[in-house]
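S.K.: Fold the following and give me the result.
(one chain, ligands or ions: 3)
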Amino acid sequence: MAKAMQSAVPINTPRHVAIIMDGNGRWANARGLPRTAGHRAGVERVREAVRTAAEAGVQYLTLFAFSSENWNRPKEEVSDLMGILRFFIRRDLAELHRENVIVRVIGCRQTIEPDIRALLNEAEDRTRDNTGVTLVIAFNYGARDELVRATRQIVAAVKAGQLDDATIDEMTLSAFVDTAGVPDPDLVIRTSGEQRLSNFLLWQAAYSEFVFMPCLWPDFDRNAFHDALAEFNRRDRRFGAVPTPNMAVGS
Ligand code: IPE
Ligand code: IPE
Ligand code: MG
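M.R.: Numbering: from 1, shown residues only. Ligands and ions are numbered 1, 2, ... in the order given. Now for the predicted structure:
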């Protein structure tokens, strides 16, 4: 059985997969449970996703955990989500470290509670020298906020004489956004059937392939991940060039 699933792993594996983990609330609603139960069930899928990514040869897995707009949710839900992140780092960091995972965090670190900031810093510090898959946690992340922060840093560097404004190009911006050093995502998956980016990786996803899946995040298992990888494998990425001959219409 495991062998059969292995053989379904696409040959053309994306180097970087980014996932908008959506649908926790609807998963809970469908069961008559509070939304928090959906968030709890959702966090239980994270380790499986990291393992599946590693097995498939994906080198970077970015997970959208909390957006800069999610502060607009009721106070209790925000507080539950903060609690779940604390729980996840405290419970799973040692195991992620054992599995050689490098943890990296993107998003605004200034406006989160100090103990969460400390946990996120610890996760990055402890796993920095690992050599396995990189798990990028997007927490308090919003792409527009990221681009504003990057712009401010670029302006500061120019003012300080560390950067010549005449040399600013796309690579400069890529070096100043939170994902500096991480390749752009090849594949962006969104669960729950919604088909929007919700302020996720606007700069980095310029040429990503998008796979929107109806399944809710707490149901996103290994097989669902493999389905998304298989769909990616059927895509023809062109980057503005002409289609490759085998994709020509009628061929
Ligand atoms: C995703 O699930 C988790 C976060 C955004 C933190 P939702 O909580 O958005 O679930 P739905 O979209 O309401 O079902
Ligand atoms: C996007 O989901 C954010 C995360 C998955 C963390 P949302 O549920 O917040 O997005 P919208 O509000 O449906 O666009
Ligand atoms: Mg949602």
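S.K.: Pass me the low-pLDDT residue ranges in the stretch 151-251 of the chain, would you?
M.R.: Confidence mapping of the stretch 151-251 of the chain against pLDDT under 70 gives the ranges 245-251.
S.K.: residues from it in reach of ligand 1?
M.R.: 192, 217 (CB under 6 Å from any ligand atom). For glycine as for every other residue, the C-beta is placed from the backbone atoms N, C-alpha and C.
S.K.: what residues does the stretch 151-251 of the chain put near ligand 2?
M.R.: Close to ligand 2, as judged by CB under 6 Å from any ligand atom, the stretch 151-251 of the chain has residues 194, 196, 198.
S.K.: Look up how far Arg47 lies from the residue in the stretch 101-250 of the chain that ligand 1 sits nearest to.
M.R.: Going by CB to the nearest ligand atom, ligand 1 is nearest to Ser192 of the stretch 101-250 of the chain, at 5.5 Å. Ser192 sits 20 Å away from Arg47, going by CB to CB, to the nearest Å.
S.K.: Also Phe64?
M.R.: Relative to Arg47, Phe64 is positioned 17 Å away (CB to CB).
S.K.: now Ile20
M.R.: 18 Å.
S.K.: Which one's more surrounded, the two?
M.R.: Ile20 (24 against 17; other CB atoms under 10 Å).
S.K.: Quick check: the more buried one vs Met171, distance?
M.R.: To Met171, Ile20 is 26 Å away according to CB to CB.
S.K.: next one: Ser68
M.R.: 25 Å.
S.K.: Burial check on Lys159, number of neighbours?
M.R.: 10.
S.K.: next one: the one 5 residues further on
M.R.: Residues lying near Asp164 (other CB under 10 Å) number 9.
S.K.: show me the contacts for it.
M.R.: Val158 (CB atoms under 8 Å, 6 or more residues apart in numbering).
S.K.: now the strands for the stretch 51-200 of the chain?
M.R.: Taking DSSP state E, counting those that start in this stretch as the test, the strands found in the stretch 51-200 of the chain are 60-67, 102-106, 134-141, 187-190.
S.K.: picking up where we left off before, which one of Ser68 and Met171 is surrounded by more residues?
M.R.: Using other CB under 10 Å, the more surrounded residue of Ser68 and Met171 is Ser68, with 19 against 9.
S.K.: Would you agree the more buried one is in contact with Leu147?
M.R.: No. The criterion here is CB atoms under 8 Å, and Ser68 misses it with Leu147 at 11.7 Å.
S.K.: ok, now which ones touch the one residue in the chain that gets nearest to ligand 2?
M.R.: Nearest residue of the chain to ligand 2: Ser198, at 3.6 Å (CB to the nearest ligand atom). Contacts for Ser198 were tallied using CB under 8 Å, 6+ apart; they are 20, 22, 64, 67, 69.
S.K.: Among these, the buried ones, what's the ChimeraX command?
M.R.: Entered in ChimeraX, the line below selects the buried ones among the contacts of Ser198, by 16 or more other CB atoms under 10 Å:
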select :20,22,64,67
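S.K.: For the residue nearest the centre of the chain, which residues count as its bridge partners?
M.R.: In the chain, the residue lying closest to the centroid (CA atoms, centre = their mean) is Thr62, at 2.3 Å. Note on Thr62: beta-bridge partners by DSSP bridges are Ala18, Val136.
S.K.: For the stretch 1-150 of the chain, list the residues in contact with ligand 1, please.
M.R.: 21-26, 66, 70, 81.
S.K.: can you name the two of those residues that are farthest apart?
M.R.: With CB to CB as the measure, no two of these lie farther apart than Arg26 and Phe66, at 17.5 Å.
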